[in-house]
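Trainee: sequence and predicted structure, then a few things I'm wondering about:
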Amino acid sequence: MATYKEIQGTAVQSLTSSTGTEQGQIWYSTPAGNLKLQGYISTASWATGGSLNTKHNGAAAAGAQTAALVAGGNDGLPPNYSTTATEEYNGTSWASVNSRSVSVFNGSGSGSQTAALAFGGNLYPGVSSASEEYDGTNWTTGGTLGTARDSGCGFGTQTSSVMAGGYIAPGPTTSASEEYNGSSWAAGNPLLTARSEQPGGFGTQTAGVVFGGGGVGMPNPALVEDYNGTSYTAANNTNVGHTGCWSAGTQLDGIGGGGAPTPTSAELYNGTNWTVTASLATGRAGANGLGTPSTASAALVSAGEPSRVVTEEYTGAGVVTQTITSS
Amino acid sequence: MANNQYVVAENWGTGFIEHNESREISFTGHPGNVWQVPAKNGTANKWISKVLGQLKTKDEAQAIVDAEITARQTEWDTLSDSEKELTDRPVNITLEE
């Protein structure tokens, strides 16, 4: 029988790595004590994640797939259809933690599980200008938005956030955009297109993305704008329109989708173009996206209409390392 | 010939649908814990066994989905005008063959 060296021209190397560098590579992993193959390219997929304890449609959310936070949102219960309940996710299960003080739905969130910011939202009746900061244990009052609103989008970190678009009760969809510096909100340059009905927003205060949404005057729910910390510029449209979006990631590594008219849809953004990726198993609008699509190959979509508590987790396409066995 | 099969199974969260399963077949969740997966497919059949899914004919599944949506529509219809602005009236879903 021919040896690997006779076929390949080189012997199998012994390496200290458990992951390869190129597809088709075979090596002996000394720490694992077995042969490895940097194998096939897997396709992107969604799998079910842990279920929330409470309904949180249109919640404020922050964090990553293995350290996420969801606060407030619509629990479907009158009289004000919102909850202050807050939950943390550890990558496997959700646990209830200290509740926030302001009870709203269709609010926005930013930051991480241990340094989050929740802002705006629908008080039913009325809209909120309040923001609250979370330190991983407790909520405290943050700065007040210049324009009270709900159903906009937020992105950034606890000390460097953006709130864009939304409804200004009792009326119109706004293009207003504001920036938070950790203590107060200041008006920034507006969106090119006023939008509400939960557009998607992800990235940082100096490299953000706003897509989709709706509202009176919104001509196309596929419209996208990039933000550079100073102004918004038109970017390439999403492949399908999205209203009632979820979103996560960075300007160069983003993911978002959902909502009407294609509630199971998901798209990736690389800073230039949108690419349709694997669809969710369960259609949803007003959900929350968390994490990034490629960091640890993970993003999380939680909650969403109609009052779902189920979550799904994303793994992007990539090369899979396989262990070669004799059986 | 039917392209899909329908089962009722409650989504328990992590592990209900796994990445290797969702890479191989398409899952579509509907109201009433009704799940649509490909017919005559080994991966789908294994998944149905795993989740202890109750197989339903398309008509049976459609009836479950309809009942769930009708209940939600009835609930929505009783809301005040201002409450109706919070969410859209649930729309009917027609399952595929």
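Mentor: Yes, it's here.
Trainee: use CA for all of it now, contacts and neighbours both
Mentor: OK.
Trainee: residues from chain B in reach of chain A?
Mentor: Chain B comes close to chain A at residues B:11-20, B:22-23, B:26-30, as judged by Cα under 8 Å from any Cα of the partner chain.
Trainee: again, only using 6 Å
Mentor: B:G13, B:T14, B:F16, B:I17, B:E18, B:H19, B:S22, B:R23, B:F27, B:T28, B:G29 (Cα under 6 Å from any Cα of the partner chain).
Trainee: can you give me the end-to-end span of stretch A:137-151?
Mentor: End-to-end distance for stretch A:137-151, by Cα to Cα, to the nearest Å: 26 Å.
Trainee: so for that stretch, mean pLDDT?
Mentor: If you average the pLDDT over stretch A:137-151, you get 97.
Trainee: what are the contacting residues of that stretch?
Mentor: A:100, A:106-107, A:120-122, A:127-133, A:166-168, A:183-185, A:196-198 (Cα atoms under 6 Å, 6 or more residues apart in numbering or on different chains).
Trainee: buried subset of these as a ChimeraX selection?
Mentor: Filtering those down to the buried ones (16 or more other Cα atoms under 10 Å in any protein chain shown) takes a single ChimeraX command:
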select /A:100,106,107,120,121,122,127,128,129,130,131,132,133,166,167,168,185,196,197,198
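Trainee: so which of the contacts of stretch A:137-151 belong to strands?
Mentor: Using DSSP state E, the subset of the contacts of stretch A:137-151 located in strands is A:S131, A:E132, A:E133, A:W185.
Trainee: and those near chain B, which?
Mentor: Of the ones in strands among the contacts of stretch A:137-151, not one also sits near chain B (Cα under 6 Å from any Cα).
Trainee: just give me the closest of those to chain B.
Mentor: A:S131 (21.6 Å; Cα to the nearest Cα).
Trainee: correct me, but the closest one touches A:A118?
Mentor: Yes: A:S131 is in contact with A:A118 according to Cα atoms under 6 Å; the separation is 5.4 Å.
Trainee: for A:A148, which non-adjacent residue is closest in space?
Mentor: Leaving aside its sequence neighbours, A:A148 sits nearest to A:S129 (Cα to Cα, 6 or more residues apart in numbering or on different chains; 4.0 Å).
Trainee: now render the residues of chain B next to chain A as TSV, adding pLDDT, neighbour count and secondary structure.
Mentor: Formatted as TSV, those follow (pLDDT from 0 to 100; neighbours: other Cα atoms under 10 Å in any protein chain shown; DSSP: H, G, I helix; E, B strand; the rest coil):
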residue	pLDDT	neighbour count	secondary structure
B:G13	91	19	coil
B:T14	92	19	coil
B:F16	96	18	coil
B:I17	96	21	coil
B:E18	95	17	coil
B:H19	92	18	helix
B:S22	95	22	helix
B:R23	91	16	helix
B:F27	96	20	coil
B:T28	95	16	strand
B:G29	94	20	strand
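Trainee: now, the most widely separated pair of those residues?
Mentor: Farthest pair in the residues of chain B next to chain A (Cα to Cα) is B:G13 and B:R23. Separation: 17.7 Å.
Trainee: which of the ones in strands among the contacts of stretch A:137-151 sit farthest apart?
Mentor: Maximum distance among the ones in strands among the contacts of stretch A:137-151 (Cα to Cα): 13.2 Å, for A:E133 and A:W185.
Trainee: from chain B, how far off is the residue nearest to A:A148?
Mentor: Using Cα to the nearest Cα, to the nearest Å, A:S129 is found at 19 Å from chain B.
Trainee: swap in A:Y81?
Mentor: Distance from A:Y81 to chain B, by Cα to the nearest Cα: 9 Å.
Trainee: how about that residue, secondary structure?
Mentor: coil (DSSP: H, G, I helix; E, B strand; the rest coil).
Trainee: now do the same contact list for the residue nearest to it when sequence neighbours are not counted.
Mentor: Excluding its sequence neighbours, the residue lying closest to A:Y81 (Cα to Cα, 6+ apart) is A:N74, at 5.3 Å. Going by Cα under 6 Å, 6+ apart, A:N74 touches A:H56, A:N57, A:Y81, A:S82, A:F105.
Trainee: I'd like those residues as a markdown table, with pLDDT appended.
Mentor: Converted to a markdown table, these look like this (pLDDT from 0 to 100):
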| residue | pLDDT |
| --- | --- |
| A:H56 | 94 |
| A:N57 | 92 |
| A:Y81 | 93 |
| A:S82 | 95 |
| A:F105 | 95 |
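Trainee: could I get those as JSON lines with neighbour count and distance to B:W35?
Mentor: As requested, the contacts of A:N74 are exported to JSON lines (neighbours: other Cα atoms under 10 Å in any protein chain shown; distance: Cα to Cα, whole Å):
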{"residue": "A:H56", "neighbour count": "34", "distance to B:W35": "23"}
{"residue": "A:N57", "neighbour count": "32", "distance to B:W35": "22"}
{"residue": "A:Y81", "neighbour count": "19", "distance to B:W35": "29"}
{"residue": "A:S82", "neighbour count": "27", "distance to B:W35": "29"}
{"residue": "A:F105", "neighbour count": "32", "distance to B:W35": "29"}
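Trainee: and the longest helix for chain B?
Mentor: Ranked by number of residues, the top helix in chain B under DSSP state H is helix B:58-77.
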